[in-house]
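**Q** Can you look at this prediction? I've put the sequence above it.
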Amino acid sequence: MAADKSSHILNTSSNLLGFCFFILTSIKMVDHQNETIIDESMAVAALIFMTASILSFLSIRSNNEKRSDWYESVADWFFITGLIILFFVILIITFHLAK
């Protein structure tokens with residue numbers, strides 16, 4: 001049962017990890033040195049999505065059902081935290097571009 005939800009977390013968090021790296025690379029290529037809140041937030045989100053990916057992978061691979069459920073639960077919290085950070089960064093970028 002844990003593999004169902006964990007596989008979705010693993011897939012989506014790894015995709016969003018790539019999105020974070022894309023945003024970080026784009027900021028560096030455009031040479032926006034004053035965008036520290038955006039790139040620092042994206043770096044934190046990338047770490048959070050990486051943690052969610054690792055925990056969901058451990059949940060899938062764990063033989064102990066109790067431990068698997070715990071990994072999945074913690075991965076779920078890391079994933080939603082990463083989504084919230086990503087949401088606020090997108091808001092900042094959107095309002096910054098709308099100026």
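**A** It's in. Numbers count the residues shown, from 1 in each chain.

**Q** In terms of helices and strands, where is residue 6?
**A** Under the criterion DSSP states H and E, the helix or strand holding residue 6 is helix 2-30.

**Q** So for that helix, what gets flagged as buried?
**A** Neighbour-count burial for helix 2-30, with 16 or more other Cβ atoms under 10 Å as criterion, is recorded at 2, 5-6, 9-10, 12-13, 16-17, 20, 23-24, 27. Placement of C-beta: from N, CA and C, glycine included.

**Q** Widest-spaced pair of the residues you listed?
**A** Comparing all pairs in the buried residues of helix 2-30 by Cβ to Cβ, the longest separation belongs to 2 and 27, at 36.2 Å.

**Q** need the contact list for residue 74.
**A** Taking Cβ atoms under 8 Å, 6 or more residues apart in numbering as the contact definition, residue 74 lies against residue 55.
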